[in-house]
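Novice: Compute the structure for the input listed below.
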Amino acid sequence: MRLTPSGEGGSGKRRANASRISVACRGCMAGTLLVLALTSPARGYVLDDHQDFDFRLRAYTEAAVAAEKSEPQTKPSRVPFQLIEHRNFFNPELDGKLTRYQPFHLDDLSFRLALWGFYDGIYDYGTGQYARAIESLQGRLSQGHTNTGPITHTDTLIDPRKEYEYQPDPVLGGYGDVPFRINEAYVNFTKGPLFVRVGRQAISWGESDTIGLLDANNPFNLTLGVPGVFQDIDEARIPLWTLRGTYNLFESWGPISSAYAEAYLVPGSIDTTVSPLPLPKASPYSPPQDDPQSLVAGLIPASIGQSLVKPALGGILIGLYDHLPSRTMGNSRYGFRLGGIVARDYTTSIWFYRTFANQPVPRFLALDLSRAPITTGGKGKGPTQLITELVHGLENVFGAGTSFFSEPLDGIVRGEVEYFANEPAFIPSENIPFERELRAPALRKLLKALGQNVPAGIDFGTVPHADILRFEIGYDRFFFFRPLNPYNSFTWVTAYVGQWNLTETFTNQDFRFGGQQKLTSTGVRTGTNAQGLTLQNISKLHTVPTDFVDLYPYESFVQSHLETAYLHGRVTPAITAVFGLDGTYAIPVGVTLRYSDSLLIDLKYIALGGNFNFPTGFFRDRSQLSARMTVLLN
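Specialist: Next up is the predicted model:
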């Protein structure tokens, strides 16, 4: 199944095949849930007499409807109670203990295999605007590992259905060949103080209560909006093929006890998986952007389009190119950590790791005139390509964290700080400088003949970098409040999370938020001064930095979660609140009904709103109601 943009072929056969596949998927999922729901009580299936092998399963089906009318910037639009999601999730797990069968005298030899299956049915039934939206995309959306891929068209066209409908395995097979993910597949070895784990696994050294700002060892699925709000944070984390080892150093040495050293390596020649690219218009959780091709109307006044762009350039095609890291050892991720208990009370660790930034940043490639009439002697029909490349850059992270029980506060106090060095960042006039696109040699020569002098220089965007200090201060406790719950305690987890852009503070560079334009009454700003320009002053075209959402030197938010249990644990209400200090909020409120040990029902309302700012304001009109049925075998 492959997205075919306008002018590159039809899609009727692919659409028919997708429909048949979707019906089969829905039938399998519905049948599985029904059979498993009737299995009571829940249990894991033990596969041998020694109970060395057992099978468990978690599966759910979830439907969500819009809880408010979308604003003009959200494409496609939606209205209250319109179905915006029918997510089906399937997570079987097989664990095995091989210690009794191995001749190597290991203390432990075991393995784990867990699959991760996902299917969202809104593209095949129910709400139809999302299927129509991805079929109507005109911009060229692609991905690849080379610098020249989008110019030579040796890249791979992105299929929004694969990204959003079932999310294929990012490593195994070709693009989208495996329509599920081998989520965990590893073997454990233990001998004395040494523990080794080899295979696909997840590592989390940073705090991730709700929004995992400090949790950057592994990439996250960004196609469902903000991880931790629309999707469970652990479900959004993408495991990697990793070699990991832990060594217990000593039990006691002065004030330090239970000390250990840990290290891991994700070989870049095997796995350079990064966060999947959120696509415009493709999903209810897409960023507030229109089809990239719609940018042309705001960039090219009609007079210039008729007199210059059409005859000389053959038109303009907007391209969005996700430049994936090449699979080389130079792109390996790795980390080292030392930890232990200090003074018998303080669970403390320090670490360093190298990783890819979770949020890619855009930059312009040089204007592609390879098919334009002005570079082919009039033989080429165009179009000229204006390509925005998404860059996934490596960064170094230094961190430390501690937690302890405080008697005066009667709870757990947590603290963590991480220094993100050389993180790819966004300054509009550097990443996407429209004025530099005019410096393409053939176009510059043409403009000079028209009396427009464009200065020479580089004709592409560059990526600036920033050093950012991120931290979290948390407080967790159990407490009783008898008027609301006379029998069970409340669990309260809360934290203050912040980030300080040291580079902006000490260099006065004006960093903005990842290419997101500010709002207008009908959409978002273009980011240029193009409107009002004519052929007589086109050389004055330039990027307007204030058209983009600011990312202040210091950003912070408070996140808090409160829950309790009633009726012997059968009813568990919970509320989470994330308040950005720039005026944003996200408040998921829900209740879990435990019908039996094997069947859970979740009802949830997610309220979002506030300013169009970090961290959740870009989805401020995406409030929703959802219901989920989960089946467990455990």
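Novice: When you work out contacts or count neighbours from here on, use the C-alpha atoms and nothing else.
Specialist: Will do.
Novice: ok, the residue nearest the centre of the chain to residue 288 distance?
Specialist: In the chain, the C-alpha nearest the mean C-alpha coordinate belongs to residue 222, at 2.1 Å (C-alpha atoms, centre = their mean). Distance, residue 222 to residue 288, using C-alpha to C-alpha, to the nearest Å: 14 Å.
Novice: Now do the strands in the stretch 451-600 of the chain.
Specialist: Counting by DSSP state E, counting those that start in this stretch, the stretch 451-600 of the chain has strands at residues 465-479, 490-501, 512-517, 548-550, 554-563, 571-580, 584-596, 599-610.
Novice: coming back round to it: would you mind listing the residues in contact with the residue nearest to the centre of the chain?
Specialist: Residue 222 makes contact with 236, 275, 276, 277, 278, according to C-alpha atoms under 8 Å, 6 or more residues apart in numbering.
Novice: Put together CSV for those, with secondary structure, distance to residue 454 and neighbour count on each row.
Specialist: CSV is the format used below for the contacts of residue 222 (DSSP: H, G, I helix; E, B strand; the rest coil; distance: C-alpha to C-alpha, whole Å; neighbours: other C-alpha atoms under 10 Å):
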residue, secondary structure, distance to residue 454, neighbour count
236, helix, 47, 19
275, coil, 38, 22
276, coil, 37, 20
277, coil, 34, 19
278, coil, 35, 19
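Novice: so which of the residues you listed comes closest to residue 571?
Specialist: The closest of these to residue 571 turns out to be residue 236 (C-alpha to C-alpha; 25.5 Å).
Novice: Could I get the pLDDT score of that closest one?
Specialist: Per-residue confidence (pLDDT) for residue 236: 91.
Novice: pretty sure it contacts residue 229?
Specialist: No - under the criterion of C-alpha atoms under 8 Å, residue 236 is not in contact with residue 229, lying 10.3 Å apart.
Novice: In the one helix or strand residue 117 maps to, which residues are buried?
Specialist: Taking DSSP states H and E as the criterion, residue 117 maps to strand 108-120. Buried positions in strand 108-120, judged by neighbour count with 16 or more other C-alpha atoms under 10 Å: 108-120.
Novice: Kindly report the same for stretch 471-480.
Specialist: Going by neighbour count (16+ other C-alpha under 10 Å), the buried part of stretch 471-480 is 471, 472, 473, 474, 475, 476, 477, 478.
Novice: now do stretch 527-544
Specialist: With the criterion 16+ other C-alpha under 10 Å, stretch 527-544 contains buried residues 527-530, 533-535, 538-544.
Novice: Sort out for me which of those are in helices.
Specialist: The helices in this structure, assigned by DSSP state H, contain none of the buried residues of stretch 527-544.
Novice: so which of the residues you listed would you say is closest to residue 501?
Specialist: Checking the buried residues of stretch 527-544 against residue 501 by C-alpha to C-alpha gives residue 544 as the nearest, at 21.8 Å.
Novice: Could you export the strand holding residue 117 as PDB, CA atoms only?
Specialist: Backbone C-alpha positions of strand 108-120 (Å, rounded to 0.1, in the frame of the first residue of the first chain) are rendered in PDB as follows:
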ATOM      1  CA  ASP A 108      19.800 -17.400  35.000                       C
ATOM      2  CA  LEU A 109      19.000 -17.900  31.300                       C
ATOM      3  CA  SER A 110      15.700 -16.600  30.100                       C
ATOM      4  CA  PHE A 111      13.900 -14.900  27.200                       C
ATOM      5  CA  ARG A 112      11.000 -12.700  26.400                       C
ATOM      6  CA  LEU A 113       9.000 -12.200  23.200                       C
ATOM      7  CA  ALA A 114       6.300  -9.700  22.900                       C
ATOM      8  CA  LEU A 115       4.400  -8.500  19.800                       C
ATOM      9  CA  TRP A 116       2.800  -5.100  19.400                       C
ATOM     10  CA  GLY A 117      -0.200  -5.000  17.000                       C
ATOM     11  CA  PHE A 118      -2.100  -1.900  16.200                       C
ATOM     12  CA  TYR A 119      -5.000  -1.100  13.900                       C
ATOM     13  CA  ASP A 120      -7.100   2.100  13.700                       C
END
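Novice: which residues touch that strand?
Specialist: Outside strand 108-120, the residues that touch it by C-alpha under 8 Å, 6+ apart are 25, 85-99, 102, 164-167, 179-191.
Novice: from the residues you listed, which ones fall inside strands?
Specialist: Among those, DSSP state E puts 85-97, 181-191 in strands.
Novice: Just the buried ones among those, please.
Specialist: Buried among the ones in strands among the contacts of strand 108-120 (16+ other C-alpha under 10 Å): 85-97, 181-190.
Novice: Mind telling me what element the residue nearest to the centre of the chain is part of?
Specialist: Using DSSP H and E, residue 222 sits within no helix or strand.
Novice: Residue 282 too?
Specialist: Judged by DSSP H and E, residue 282 forms part of no helix or strand.
Novice: so how far is residue 109 from it?
Specialist: Using C-alpha to C-alpha, residue 282 is found at 44 Å from residue 109.
Novice: And for residue 522?
Specialist: Distance, residue 522 to residue 109, by C-alpha to C-alpha: 60 Å.
Novice: Equivalent analysis for residue 506, please.
Specialist: Note on residue 506: its distance to residue 109, by C-alpha to C-alpha, is 52 Å.
Novice: the helices in the chain, which residues?
Specialist: Using DSSP H, helices in the chain cover 12-37, 129-135, 149-152, 160-161, 233-236, 295-299, 302-304, 428-431, 434-437, 441-449, 502-507.
Novice: among those helices, which gets the worst mean confidence?
Specialist: helix 12-37 (a mean of 42).
Novice: shaky segments in the protein?
Specialist: Residue ranges of the chain with pLDDT under 70: 1-44.
Novice: hmm, 80 instead?
Specialist: Residue ranges of the chain with pLDDT under 80: 1-45, 126, 207-208, 302-303, 634.
Novice: which residues of the stretch 251-400 of the chain fall in strands?
Specialist: Taking DSSP E, counting those that start in this stretch, the strands of the stretch 251-400 of the chain run over residues 256-266, 316-323, 333-342, 346-356, 361-364, 384-391, 394-406.
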